[in-house]
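Visitor: Return atomic coordinates for the entry below.
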Amino acid sequence: MKLLNKSTASLLSTLVMCLGLASCAAPLLFGGVIGGAMVASDRRTTGIQVEDESIEQRSASAIRENFGNKEHVNFTSYNRQVLITGEVSNDAVRSQIETLIGRVQNVRAVVNELAIGSASSFGDRSSDVLLVAKVKAAMVDSEDVFANVFKVVGERGTIYLMGRVTQREAKRATDVVRGVSGVKRVVRVFEYITEEELNSMQPKRSDDASRSGGKSNVPLNTPQQPVATPIK
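Guide: Below you'll find the model as predicted:
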């Protein structure tokens, strides 16, 4: 049996403690440490990260006001693109929720992954939390996947990957996730950037900064069409 390294074991221990919060989906964005380093490793601006949190809160409030506790709906916003997961009673409600969230302030795109059926059980949601932990651990152990930039959501055994990544990064991360035991399906909800854009995001040396007049070459978070790709 393969032993986990200290960093992976620490991630798993932290996530096991999250089981008490398993009444919702399991979105996780890993950084080097808690706090500032997590913000620094994110490819969104700090302002967009704060706005994504606000969008999730506004979306949850909109559902409570319109549907109460009748439906099980989760929201994950990344760069103002909202992934909706969970279970609802019928297709009409599914469509209503998509329209409702599309009208939430500052939402620019919606990816509707709601399933029709009864709400998942506590056991199902706990399993999703642990599955996300395994996925993130696999990413860290792979060494060639920059796990910090991927947001991972687990719902009913399906893993959703979000982030601003290159085609190369997307393919490699997908390959790693597909190899994790218990993953039934992988859905990519990425915004693709070029290798040149990725290179421009890397820290610049002081002499490079002086030549550029101290201006940042990091591209703005420009809206793109969501890409959700199921992987069998």
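
Visitor: For Met202, give me the pLDDT.
Guide: Let me fix one detail, which is that residue 202 is Gln and not Met. Gln202 carries a pLDDT score of 78 in this model.

Visitor: To what extent is Gly47 buried, counted in neighbours?
Guide: 9 (other CB atoms under 10 Å). Backbone N, C-alpha and C define where each C-beta goes, glycine included.

Visitor: what does the one 5 residues further on give?
Guide: Number of residues near Asp52 (other CB under 10 Å) recorded here: 24.

Visitor: Next: Val93.
Guide: Neighbour count for Val93, taken as other CB under 10 Å: 17.

Visitor: now do Val50
Guide: Applying other CB under 10 Å, I find that Val50 has 12 neighbouring residues.

Visitor: ok, now the one 3 residues further on?
Guide: For Glu53, the tally of surrounding residues (other CB under 10 Å) stands at 11.

Visitor: For it, what is the enclosing helix or strand?
Guide: Assigned by DSSP states H and E, Glu53 falls within helix 46-67.

Visitor: ok, and for that helix, which residues are buried?
Guide: By neighbour count on 16 or more other CB atoms under 10 Å, the buried set for helix 46-67 is Ile48, Gln49, Glu51, Asp52, Ile55, Glu56, Arg58, Ser59, Ala62, Ile63, Phe67.

Visitor: which one of those residues is nearest Glu143?
Guide: Nearest to Glu143 among these is Gln49, at 25.9 Å by CB to CB.

Visitor: what's the pLDDT at the closest residue to that closest one other than its chain neighbours?
Guide: Closest residue in space to Gln49, ignoring its immediate chain neighbours: Asp42 at 6.0 Å, by CB to CB, 6 or more residues apart in numbering. Predicted confidence (pLDDT) for Asp42: 88.
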